[in-house]
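Trainee: Mind folding the following:
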Amino acid sequence: MDIERIARTCHEANRALCLAYGDTSQVAWEDAPADIKASAIDGVGHAVDHPEATPEDSHLNWCAFKVADGWVYGPEKDADRKTHPCLVDYDKLPAEQRAKDYVFQAIVQALVSTCASHEWHNAGFDGMGCLRLYCRQCGATKKEC
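Mentor: Model (predicted):
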């Protein structure tokens, strides 16, 4: 399964959790803006590259992505003003928000581990001169330096 498919699965699971908690602000993957999709794809890449990452690490990665995209803390989520109430330390998140990080990590690890044998393909060099490889079957990545 490729990274975008895993990201879509994670997004839809997150949307379902939001609906269960009464939050109807999340749209389906097909209708999601490019920055939301990019955030999910980045989160999957982080989880694949760091399988030992904790849900807190996942949250920190999400925060870093959002901040780099111009988002700041705000008491209400507002895409136009780029404010989000979850741009806080992990231990300050409500339990239902922390649950989303656990589910995200579990989905990525479950789908990546379904790959029976990796078929590594060249993804180019990173900024450190390391060759990045990815598996077309599951989206896993690795570096050769």
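Trainee: Next secondary structure after the host helix or strand of residue 39?
Mentor: Using DSSP states H and E, residue 39 sits within helix 34-49. Next along the chain after helix 34-49, taking DSSP H and E as the criterion, comes helix 55-68.
Trainee: neighbours around residue 117, how many?
Mentor: In terms of burial, residue 117 registers 7 neighbours under the definition other CB atoms under 10 Å. Any C-beta I mention is one placed from the backbone N, CA and C, and that applies to glycine too.
Trainee: Check for me that it belongs to a helix.
Mentor: No: residue state for residue 117 (DSSP: H, G, I helix; E, B strand; the rest coil) corresponds to coil; a helix is not indicated.
Trainee: hmm, back to that, taking their axis directions, the helix holding residue 39 and helix 55-68 sit at what angle?
Mentor: An angle of 140 degrees separates the directions of helix 34-49 and helix 55-68 when computed by axes from the mean of the first three to the mean of the last three CA atoms, to 10 degrees.
Trainee: packing partners for helix 34-49?
Mentor: Helices and strands in packing contact with helix 34-49 are listed as helix 3-20, helix 55-68, helix 95-112, strand 141-144; criterion 3 or more CB pairs under 8 Å, 6 or more residues apart in numbering; DSSP states H and E.
Trainee: Appreciated, that's everything.
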